[in-house]
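**Q** predicted model and sequence follow; I will ask about them next.
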Amino acid sequence: MSSTLYNEIINEHNLRPYHKYKLENANYTLEGVNPSCGDEITLELFIEDGVIKDAAYEGSGCAISQASADIMAEMVIGKTLDEAIHLSDLFLKMIKEGVSNEELEELDEAGILQSVSHMPARVKCAVLGWRTMKEIVEPLKNA
Ligand code: ZN
């Protein structure tokens, strides 16, 4: 992955986010903050029958935090709670210790954030959306 392509994708998700709006039928909402950078997101999910049927977020912060939240929202729509948690764990693993090629493929577009693992100051930015999503979903799974 070239750094040019990486920058293009991050920019694209900031200029034209797919999922940055208020989700009118959301039944789960959670705020996530990353004080070390000043990133904030409010994640909204519509969950029914154990499936994330829709996802959107609002917020402000650095380009990485917002792009990562946008990519996360895109990826979890249509996923079961288990699948969403699995993706979140995989994303964290990619950032913290690295993943296999198969796992990287599974992460699809989120895989472009792999290079963040070499930027310690940006790690909390990249994981903000994924961490917030997992905080909503995990208690539901065990309920
Ligand atoms: Zn940030």
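**A** Nice, thanks for sending it over.
**Q** going forward, measure contacts between C-alpha atoms and count neighbours the same way
**A** Will do.
**Q** what about the lowest-mean-pLDDT helix or strand in the chain and the ion, touching?
**A** When each helix and strand of the chain is scored by mean pLDDT, DSSP states H and E, helix 3-15 comes last, with a mean of 92. No - looking at helix 3-15 against the ion by CA under 5 Å from the ion, there are no contacts, and the closest approach is 12.4 Å.
**Q** now do that helix: distance to the chain's middle.
**A** 15 Å (CA atoms, centre = their mean, to the nearest Å).
**Q** buried set for the longest helix anywhere in the chain?
**A** What stands out as the longest helix in the chain, according to DSSP state H, is helix 123-142. The neighbour-count check on helix 123-142 (16 or more other CA atoms under 10 Å) flags 123-134, 136-137 as buried.
**Q** from those residues, which is closest to the ion?
**A** Cys125 (4.1 Å; CA to the ion).
**Q** so Phe46 sits in a strand?
**A** Yes - the assignment for Phe46 (DSSP: H, G, I helix; E, B strand; the rest coil) places it in a strand.
**Q** 56 is where my numbering starts, stick with that
**A** With the count now opening at 56, the last piece we talked about shows up as Phe101.
**Q** so it is in contact with Leu85, correct?
**A** No - using CA atoms under 8 Å as the test, Phe101 is too far from Leu85 to be in contact (12.0 Å).
**Q** just want to know which of the two has more residues nearby.
**A** Using other CA atoms under 10 Å, the more surrounded residue of Phe101 and Leu85 is Phe101, with 18 against 14.
**Q** so what's that one up against?
**A** 80-83, 107-110 (CA atoms under 8 Å, 6 or more residues apart in numbering).
**Q** returning to what we had before: elements contacting the longest helix of the chain?
**A** Packing contacts for helix 178-197, counted by 3 or more CA pairs under 8 Å, 6 or more residues apart in numbering; DSSP states H and E, involve strand 83-89, strand 94-103, helix 118-131, helix 136-151.
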